Structures are given as C-alpha cells and as structure tokens.
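# Can you look at this prediction? I've put the sequence above it.
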Amino acid sequence: MPPSTSQAVSLWRRLTDWGATGFAILAAVLVLVPLLAIFTYLVIKGVGSVNWAFLTQTPKPPGEAGGGMANGIVGTGLILAVASVIGVPLGIGSGIYLAEYGRNRFGDVIRFTADVLNGVPSIVVGITVYSLIVIRQKHFSAFSGGVALGIMMIPTVARATEEMLLMVPNVIREAAYGLGIPRWRTTLSITLRTASAGVITGCMLAFARVAGETAPLLFTAFGNQFWNLKLNQPTAALSLQVYTYAISPYDDWHKQAWAGSLILILLIVGAVAAVRITTSRGMMKGS
Amino acid sequence: MGVGIEVRGLNAWYGKNQSLNSIDMSVPANHVTAVIGPSGCGKSTFVRCLNRMHETIPDARAEGSVKVGEMDVYGSGSDPVDVRRRIGMVFQKPNPFPTMSIFDNVAAGLKLNGFRNRKQLNELVERSLKLSALWDEVKDNLHKKSGASLSGGQQQRLCIARALAVEPEVLLMDEPASALDPISTSKIEELIFQLKQHYTVVIVTHNMQQAARVAELTGFFLMGSLIEYDKTEKIFTTPADKRTEDYVTGRFG
Amino acid sequence: MRSRFQQGLDDLKERLLRMGGLAEQAIDRATEAYRTRDSKFCQMVLAGESAINDAEREIDELALDLLAMQQPMAIDLRFILAIVKINADLERVGDQAVNIAQRVLDLISEPEIDLPVDIPRMADGVSTMVQRALESFLDGKAEVAEAVLQMDGIVDRMKDEAFVVLVQKMHDEPSCTRQALDVLLIARNLERIADHATNIAEDVIFWVRGADVRHGGAHYRE
C-alpha cells in the first residue's frame, strides 16, 4: 500500500476510534447527571432540616414547629425487615428451582408468572394485600405492609438468582457430583455459593426498589403518628410520611419532607454498602 | 489400596442414540489403564458410566454390570452418590471451586459430607496435597489463597488432591493433561505413575504418546465398541486388529 | 502430517532398495572377477565401496529423524527398525564383496590352478538369496522372505563341502596352499553374505508380521 493511502486510512481509523470512545463517555455522563442532580438537590433542600430532633422525635401536630420522622425511620426498617424475610428466601428458592430443576414447561410457566408479577403496578399489589389480609384482620399492620413489599421483591430476586446460577459453569457442579456430594447439597453449598455475589446484588436491587415504595403501604401499613414496634399495628414509614408532608399545605412540613427523602436515600445506600462490606469479607475472590 | 473393575455388557445411550455397545472389560487393581480412540468413540462416556456420572446428563442412561471391587455400581440397592464417593474423578479442564481457598477446596468433599473433626481434616488435606505433589508449593497459603489463583498445572493437581481427599479406591481421569503445558503435563504423568501404588487409575486420553508413557494396559474404542484391549506395548508395536493399527499410526482419528 | 511422514517412509524404502542394488552389483562384479580373472572387476568393486557406506550413513540419519519427529507406532515403527537393521546388513554385504575382490586380486597374481569347488555356482545361489530378500522387502511379502530362510541351509552345506575339499587339496598339494586358502576364504565370505541375506529376510518378517523369527524360533508378542 502506498504510504499516503495507509496514513489516510489510519488517521480515519483513529478519528473514528476517538469519536466512538467520546460518545460512550458522553452517554455514561448523561446517565450520571440526573442521578447526581437529584442527590445534590435533595442535599441542598433537605440537609438544613436534618437535625437531632428530626431523627429522634415523632411528628408534631400541624402548626407546631419541630418534630421529626423518627418513627418513620424505625417503621420503614421494620416493614423492610418483614419484606426481606418473605421476599429473599422465596425469591432465592424460586431462582434455584428455575435454574437447577426448572428447565421445562412448568419452569417456563413460573418464569412467565414472575415476569408478569414484576410488571403489576405497586398500588394493585397494595390493594390485593389489603383485601386478603387487612380486611380479614380488621386492622392495618406493619406485617401486611411487609407482605406487600415482599411480594414485589420476589420476581427480581428470583430472576437474578436464576441468571447468576445459570452462569456458574457446569463443570463446577460436575466436580461436586464427582466427589459424591448429593445434588441438593451441591446446589446450596457449591453452586449458590459460587453465584452468591450476583445473588446478593439481585437482593439489593430488589430491596432498594421496594424501600421507596409508597402506594402499597397506603392500604396496608397505613402510617402512624406515634411510635409503633408491633407487627400487627399500623406503622409509620418514611415514604408515607414524605408523601403526606409533601402534599400538605404547611411549609414546615415541606421542609421535613425533603429531609425525609434525603434520609430515605441515605438509609438505602447505607444498607446496600453495609451488605457489600460484610459479604465481601467472608468470600474469596477468584483470580 | 485399589480394587479391580469388572465391566460386563455395558450399554449406554444419549436419548435414542446408543453410544456404548456391550462393553466387556477387566481393569486390574493398582494399574494404570488407558482408554484411547478417535473423537466420539465413547471413551469419555465409558469412563463416566463407571462412576454413574453419565446419568447426570438429561436423557442419558446406562445399563449393564459394573463391579468395582465388591461394589455393584448399577445394582438395585446402589446409590449413585455413594458410588461417586468411592470412585474419584478428575476432569479435562481444571475446575477448582472458585469461591473457596485451597484448603477448603481439598476439604470440600469431606466437609460437605458431614466430616467435622478439625484435626483429621488438616491431616487429610495435607496428605492429599502431598500425594498430588502440590503440598510444598501451597503449604504456606492454604487458607489465604483461593483455588482459582493457582496456575493451570497447579489447579489440576489441586483437583487431584480434592478427589483423593475422600479416599476413593479408583481414580478416573478424563484427559487430565490436555489443557496443560508440557512441563505440567509431565508432572501430572509422573504423578499418575506414583498414584497407582495406592489406587486403580483409568485415564482417557487422545494423546497416544501419553498413553504409551503412563499406562500398562490400553483399550482402543471405536464407535462405541471396545476393539482391542491389551498390554500397552502390544497395542503400540504389534496391534492385533487392523483398525487399532490404523488409529495408532495416525491413518485416521 | 501423515503424508509428510509417508513421504519419509517411501524415501527410506527407495534409498534402501537402491543401496541393495549397489550391494547386489558388488556381489555380481566380484563373482565376474573370479570367473574371468580380470582385475578391472575387482577395481570396480573396491571403488564402489564408498557409495555403499555413504548410503548407510544417510539412511541411518533419515531413520533417526523420522523416529524423533514423527513418533511412529506399530507397523511404521517396525518398518523403520527393520530399515535400520537391513541397512547394517547391506553394508556388511558390501564389505564381504570387497573382501572377495581382494582375494580374487591375490588369486590373479598367482598361477591359475584347477580347484574342485564351484565358486560361481555358490555365488549365484547367494546372489539369488540377496535378491529374493530385497524383493520380499520391496513387496512386503513374508512368504518370499521365508523362502530365503530355507535357502541358507544349502549355502551352508556348500561351504562345508568346499572346506573339506580344499583342506584335502592343501594337504595333498602344498604348493597350491595359497590359492586354496584364497578360495576357502572366498567361500566363507559368500557364506557370510548368505547369512546377511537371511537376516534381511528375518527383519522383513518382523516388520510385516510383528513376529521375531530370529535364531530359529517364531516369537509373537503375547
């Protein structure tokens, strides 16, 4: 090839390379921008109202200054705990079934159902749990709130678990069978353990998604002005309180709504980080 | 100490396709027996039928008599999990458990079968790593390094140690060195030669020179049948069957 | 890979047969020298020795390379082993022909005397043995090789008879001792050539059948 032509070609190649790289970077930045914008806005609007009183006191009646969302923080924690106890085991269990035993028509039906459930509007889940549990029990409760959120966690956890388990190479399972380890034991102690990083990520995603849900809690946990630590009583939740305060006419409550949103985000991020740190300490990374 | 393997009338299928035709073979104890043949001849299937791994593949089944020592592998009361505990297997591609340390890898077969005694575990892991000639290279990092951080040859020796830790009587090896460089291959071959003092070894290999180097007996498989089975020297200098001769001289396969 | 290897094997075979031709030629020339008492045939035999030795060296090298590079098995391995052995035997045949030529040169320098030993007939028999042995190698026919093994007995007997007759002659007419001794040595050289032809035949049988038939037995691998 004559030198001038090859130079021209390689210049064109380099420009295209820079162009494509630049476009990719731009796309990534564009994704980050709204996230950072929301977070920054939250901090600006809310940090002023976050103080010790906010974090430790229950709401004061409208008109009175001060008060906080302490009961909401604790209530959210309680409801999410119930949701996780329901959502994580059932989700992981379904995921294990789908990956290891469900490569058949029945498994396809389950998969389809999970995908549909994933798309059900959160308020519909809330109303369903309302009619199944709240009406029967004749009272609102943290328990029913947890059930609603837990149901919403299941599809995400199940699909993530299935995907991660399928990514474990079959030779790993075979190695375990070859050692005379029964199938169920292999699935739990070898396959699941190998996929654990991804499974945990799936659980975290599900957790983060439901942590901020408001609609399902409207008819189940219902909210509470006061402290409640009992599972069978209406309970406050941060998301509910933010909703209530935000649509109210009081300025003071608006400020507290911002603070509540900020705290909610921080709690979610904190929970995810805590899980990441504790699980990575106990695991060996492959090379 | 190893035990002999008696195979009579072994047939195997993948769905409707028959992959093994009535195999009869006697594998003597404490010897290395090689199984050779072109791709698709059934040698891997044969070996996987010995420890009932064949049936873990959906739609695969096997029939016939396989006796490993006193154990009737396909007998009516026989439990596949138990069979696999007593017959160890090493695979073509080294497959240490990725999230576990070297120690945990070797101990996996023991721990996951309920073995708890800490002191005995330590002893067994050390013994297995010594048997597979890996002890000196890893003894300072047993719990710190993960199984997957070793080199290919070391990983394969780790898999051998793992298989030996559950104290099988027979060791099956499916092309154990085919993914390794020549030096690692040579170490593994040396190892196989040592192992036959304690175990009965059956090795599948597509490398005829390897079979010639390590095995005392060699069986030639072709299209699901055992064509010739004899002392290795005989197979490679004066084979009785023309098909065997054509294969070992490289005329096909 | 197989075709390159096959080419190597074919090359080895061709070279060995050519060398065999040279050896046969040396025997024939030496025999002719004895018959005609013409020293020019002796010179041809002596001059031809280096060609035979060069051929031996080349064939050995080629065989070694093939063994190292191609790791042959079974019949191919036996073939190469047979080639290396036949190679050595042919070179020895060349040596024996040279020895015969040297004896003939000595005979020519002495007065011709009549000896009751039919060297040309013995030489023909021996030459036939070598020829058949090489044929059996060319065609890979063990039966032809076996026929060669049978002929060895005849040549041995001829040599023994010549021995008796010539010793008697040396006793009766001491003046012809030198010539008689020369002829005796020639007979022995011929007998050695026959032995080498037998070796070649045994090597062919080993190659083709995998049976070791040396030293009178038939030993198959168990």
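Cool, the structure landed. Because the structure is predicted, anything quoted here is derived from the model rather than measured.
# Show me where chain C has its strands.
Per DSSP state E, chain C has strands spanning C:211-212, C:219-220. These are given in chain order.
# Identify the residues contacting the first one?
Contacting residues not belonging to strand C:211-212 are listed as C:205-206, C:218-220 [CB atoms under 8 Å, 6 or more residues apart in numbering or on different chains]. Yep, even glycine has a C-beta here, placed from its N, CA and C like the rest.
# Within the sheet, what are the partner strands of it, with directions?
Sheet neighbours of strand C:211-212, with direction, are listed as strand C:219-220 (antiparallel) (DSSP bridges).
# Quick one: mean pLDDT over the strand it pairs with.
When pLDDT is averaged over strand C:219-220, the result is 76.
# With stretch A:47-56 instead?
Averaging the model's pLDDT scores along stretch A:47-56 yields 82.
# re earlier: just the contacts of strand C:211-212 now: which is nearest B:Ser101?
For the contacts of strand C:211-212, the minimum distance to B:Ser101 (CB to CB) is 55.6 Å, reached by C:Tyr220.
# from the contacts of strand C:211-212, which single one is nearest chain B?
Compare each of the contacts of strand C:211-212 with chain B using CB to the nearest CB and the shortest gap goes to C:Tyr220, at 7.6 Å.
# How about that closest one: what's its closest non-neighbour residue?
Counting by CB to CB, 6 or more residues apart in numbering or on different chains, C:Tyr220 lies nearest to C:Ala211, which is 5.0 Å off, once chain neighbours are set aside.
# Over to B:Gln155?
Spatial nearest neighbour of B:Gln155, excluding adjacent residues (CB to CB, 6+ apart): B:Pro94 at 3.6 Å.
# Tell me, how many residues neighbour the one you found?
Close neighbours of B:Pro94, defined as other CB atoms under 10 Å in any protein chain shown, add up to 25.
# Find the closest residue to chain B in the stretch 151-287 of chain A.
Among the residues of the stretch 151-287 of chain A, A:Gly180 lies closest to chain B, at 2.8 Å counting by CB to the nearest CB.
# hang on, the earlier thing: assign a three-state SS to the residue nearest to B:Gln155, would you?
When states are read from DSSP: H, G, I helix; E, B strand; the rest coil, the local structure at B:Pro94 comes out as coil.
# The one 4 residues further on too?
Look at B:Pro98: counting by three-state DSSP, its state is coil.
# My guess is it contacts A:Thr194. True?
Yes - using CB atoms under 8 Å as the test, B:Pro98 is close enough to A:Thr194 to be in contact (5.5 Å).
# quick one, helices of chain A?
According to DSSP state H, chain A carries its helices in the segments A:3-46, A:52-56, A:70-96, A:105-119, A:122-129, A:135-137, A:142-167, A:170-178, A:183-185, A:192-211, A:215-218, A:238-246, A:251-281.
# scratch that, the stretch 51-200 of chain B is what I was asking about
Assigned by DSSP state H, counting those that start in this stretch, the stretch 51-200 of chain B shows helices spanning B:80-86, B:102-111, B:118-131, B:135-138, B:152-165, B:182-195.
# Pull the first one out as CSV, backbone CA atoms only.
Backbone C-alpha positions of helix B:80-86 (Å, rounded to 0.1, in the frame of the first residue of the first chain) are rendered in CSV as follows:
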residue,chain,number,x,y,z
PRO,B,80,-25.2,-43.1,42.8
VAL,B,81,-24.0,-40.6,45.4
ASP,B,82,-22.3,-43.3,47.3
VAL,B,83,-20.7,-44.8,44.2
ARG,B,84,-19.2,-41.4,43.3
ARG,B,85,-17.8,-41.1,46.8
ARG,B,86,-15.8,-44.2,46.3
